[in-house]
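In: No sequence on hand, only this structure:
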């Protein structure tokens, strides 16, 4: 067995796909608890006694954040569901390609949801200027660390 042309590892194409799928599923195990905690938090917020007192802007931020959290959950859990549905059908490579796209989208939705949660909480606690600054800083941190750094590495 020779080295794989893409990875330089001593592995067959099937072994590479199996390894990539296992690595991907491990990455999902890291991301999913964060999505689940945020989603659970957002689901109980309307039952808080102060919720009816929030502004129209805060209600909109809450709802948009809830929607992005749901979208993130859908995208990040879909690869597991697809893998389970197509288990033993020899579709691992197709599942992995789709899972990669869904994970990138799901993480993007998660970054937006977490930024929205920061906006909501900061707007409840402080004035609009502080909320704007915190939201921009958090949004930029996600954009740079989750997307810009890897994209720059891919481009070089």
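Out: All right, it came through fine. As the structure is a prediction and not an experimental result, all values here were calculated from the model.
In: In this protein, spot the helix with the most residues.
Out: For the chain, the helix that runs over the most residues, judged by DSSP state H, is helix 92-125.
In: Quick one: list the elements packing against it.
Out: helix 13-44, helix 56-85, helix 128-142 (3 or more CB pairs under 8 Å, 6 or more residues apart in numbering; DSSP states H and E). Just so you know, the C-beta spots here come from the backbone N, C-alpha and C atoms, and that holds for glycine as well.
In: any chance of the ones you listed in a markdown table, with mean pLDDT and distance to residue 95 too?
Out: Output for these, formatted as a markdown table (pLDDT from 0 to 100; distance: least, CB to CB, whole Å):
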| stretch | mean pLDDT | distance to residue 95 |
| --- | --- | --- |
| helix 13-44 | 83 | 7 |
| helix 56-85 | 91 | 5 |
| helix 128-142 | 96 | 27 |
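In: Could you check how far the residue most central in space within the chain is from residue 123?
Out: Nearest to the mean C-alpha position of the chain, counting by CA atoms, centre = their mean, stands residue 107 at 2.2 Å. Distance of residue 107 to residue 123, computed by CB to CB, to the nearest Å: 24 Å.
In: Give me whichever of the helices and strands packed on helix 92-125 is most buried.
Out: Across the helices and strands packed on helix 92-125, averaging neighbours per residue (mean count of other CB atoms under 10 Å) puts helix 56-85 on top, at a mean of 17.
In: and that helix with helix 13-44, angle?
Out: If you take axes from the mean of the first three to the mean of the last three CA atoms, to 10 degrees, helix 56-85 sits at 150 degrees to helix 13-44.
In: returning to what we had before: would you convert the helices and strands packed on helix 92-125 into JSON lines that also reports distance to residue 148?
Out: Listed next are the helices and strands packed on helix 92-125 as JSON lines, based on distance: least, CB to CB, whole Å:
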{"stretch": "helix 13-44", "distance to residue 148": "19"}
{"stretch": "helix 56-85", "distance to residue 148": "19"}
{"stretch": "helix 128-142", "distance to residue 148": "9"}
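In: Give me the distance from the longest helix of the chain to the chain's centre.
Out: For helix 92-125, the distance from its own C-alpha centre to the chain's C-alpha centre is 3 Å (CA atoms, centre = their mean, to the nearest Å).
In: Tell me the buried residues in that helix?
Out: 92, 95-96, 99, 102-103, 105-120, 122-123 (16 or more other CB atoms under 10 Å).
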